[in-house]
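Chemist: Sequence first, predicted model second:
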Amino acid sequence: MGFVGDFYDDVARSVGFLSRIPMPGRHFVGYDGRLSRAVRAFPLAGIVIVLPSAAAASAMNALQVSSLFAAFVVIALQTLLTGALHEDGLGDTADGFGGGRDRDAALEIMKDSRVGTYGAVALILSFGLRVSALASILPLFTPLGAGMAILGAAALSRAAMVWHWSSLPPARNGGVAASAGTPDPAAARFALGFGLLAAMLLFYFAKAPALGLIATIVAFLVAVKGFGRVATRKIGGHTGDTIGATQQLTEIAVLGTLALTV
């Protein structure tokens, strides 16, 4: 089929895995469900998933809709399209890390579908920080620039998921992340390179290349390296929940940095 055809299949599989957007069945013929190679398409899949909310942000910016209302709509669309997949990971991770006395207790709590105090607080903060950051930056961008900045954050946050997944060992056997396979090193490098390049181009078109670079560095230090160390100390590696939490933390870091510097 060739690289283009294989990559197109990987994009469709990644979109299907990371969202509720239905994908044509032909992309899954003979597919065993493992994402070892498909992770290379995560950044592009993130752009595809977030495209409707980015378009909505651009349209509302052009129509001079209240920036606070527009920010809520953007985050609401993203949450609906992903089925709150990443928010679920953040909530479970916060409950496990906050309430678990040791590694085994933390992992057991993370398996519980119920939301605890730590998870509820983490979700409130996630939505609040993202909405408030977007509300502050949307009026400062052109309509096109607003959409490009949102897409840049989407590409970076999905690349960060691959980094977290590939750089930490699995914390337990049999989880979603473990059953999906370990990212192929070449696929992980491709995802990171593509995600960084795409984000820098998107921030360039948003007319904020320097701010985009600063946001990328902050996201790497806080959400990727910092959170990776916390996950290693708490549970000894990654789970599907910590991968989802990485996406949320990276998006918060990017949007928050833009809000502080734009």
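Modeler: Nice, thanks for sending it over. As the structure is a prediction and not an experimental result, all values here were calculated from the model.
Chemist: Next SSE downstream of the helix or strand of the chain with the lowest mean pLDDT?
Modeler: In the chain, no helix or strand scores lower on mean pLDDT, DSSP states H and E than helix 176-179, which sits at a mean of 65. Heading C-terminal from helix 176-179, the first helix or strand you meet, by DSSP states H and E, is helix 185-205.
Chemist: Could you list every helix and strand in contact with the next helix or strand after that following helix?
Modeler: The first helix or strand that comes after helix 185-205 along the chain, using DSSP H and E, is helix 209-219. Using 3 or more Cβ pairs under 8 Å, 6 or more residues apart in numbering; DSSP states H and E, the elements in contact with helix 209-219 are helix 143-167, helix 185-205, helix 240-261. Any C-beta I mention is one placed from the backbone N, CA and C, and that applies to glycine too.
Chemist: Which positions within the second one qualify as buried?
Modeler: Burial within helix 185-205, assessed by neighbour count using 16 or more other Cβ atoms under 10 Å, is assigned to 187-188, 190-192, 194-196, 198-203, 205.
Chemist: what's the spacing between it and its chain's center?
Modeler: Mean-position distance between helix 185-205 and its chain equals 14 Å (Cα atoms, centre = their mean, to the nearest Å).
Chemist: just checking, what packs against that helix?
Modeler: helix 42-62, helix 143-167, helix 209-219.
Chemist: Just the CA atoms of it, as CSV, please.
Modeler: Written as CSV, here are the backbone C-alpha positions of helix 185-205 (Å, rounded to 0.1, in the frame of the first residue of the first chain):
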residue,chain,number,x,y,z
PRO,A,185,10.7,3.6,18.7
ALA,A,186,10.6,4.8,15.1
ALA,A,187,6.9,5.6,15.3
ALA,A,188,7.4,7.5,18.6
ARG,A,189,10.2,9.6,17.1
PHE,A,190,8.0,10.3,14.1
ALA,A,191,5.1,11.4,16.3
LEU,A,192,7.4,13.7,18.4
GLY,A,193,9.0,15.3,15.3
PHE,A,194,5.7,15.7,13.4
GLY,A,195,4.0,17.1,16.5
LEU,A,196,6.6,19.7,17.2
LEU,A,197,6.9,20.7,13.5
ALA,A,198,3.1,20.9,13.1
ALA,A,199,2.7,22.9,16.3
MET,A,200,5.5,25.4,15.3
LEU,A,201,3.9,25.9,11.9
LEU,A,202,0.5,26.4,13.4
PHE,A,203,1.8,28.9,15.9
TYR,A,204,3.7,30.6,13.0
PHE,A,205,0.4,31.0,11.1
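Chemist: which outside residues touch that helix?
Modeler: If you take Cβ atoms under 8 Å, 6 or more residues apart in numbering as the criterion, helix 185-205 is touched by 36-44, 47, 144-145, 148-149, 151-153, 155-156, 158-160, 162-163, 165-166, 183, 209, 211-213, 215-216.
Chemist: Just the buried subset of the residues you listed, written out for ChimeraX, thanks.
Modeler: With 16+ other Cβ under 10 Å as the criterion, this ChimeraX line picks the buried residues out of the contacts of helix 185-205:
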select :36,37,38,39,40,41,42,43,44,47,145,148,149,151,152,153,155,156,158,159,160,162,163,165,166,183,211,212,215,216
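Chemist: want to throw the helices and strands packed on helix 185-205 into CSV with distance to Gln248 and mean pLDDT?
Modeler: What follows is those, written out as CSV (distance: least, Cβ to Cβ, whole Å; pLDDT from 0 to 100):
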stretch, distance to Gln248, mean pLDDT
helix 42-62, 13, 98
helix 143-167, 8, 97
helix 209-219, 11, 93
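Chemist: give me phi/psi at Pro24?
Modeler: Main-chain dihedrals, Pro24, degrees, to the nearest 10: phi -60, psi 140.
Chemist: In this structure it contacts Ala12, no?
Modeler: Yes: using Cβ atoms under 8 Å, Pro24 is in contact with Ala12, at 7.0 Å.
Chemist: Same drill for the two, tell me which one is more crowded.
Modeler: Using other Cβ atoms under 10 Å, the more surrounded residue of Pro24 and Ala12 is Ala12, with 22 against 9.
Chemist: okay but that one is in contact with Pro22, surely?
Modeler: No: between Ala12 and Pro22 there is no contact under Cβ under 8 Å: 10.2 Å.
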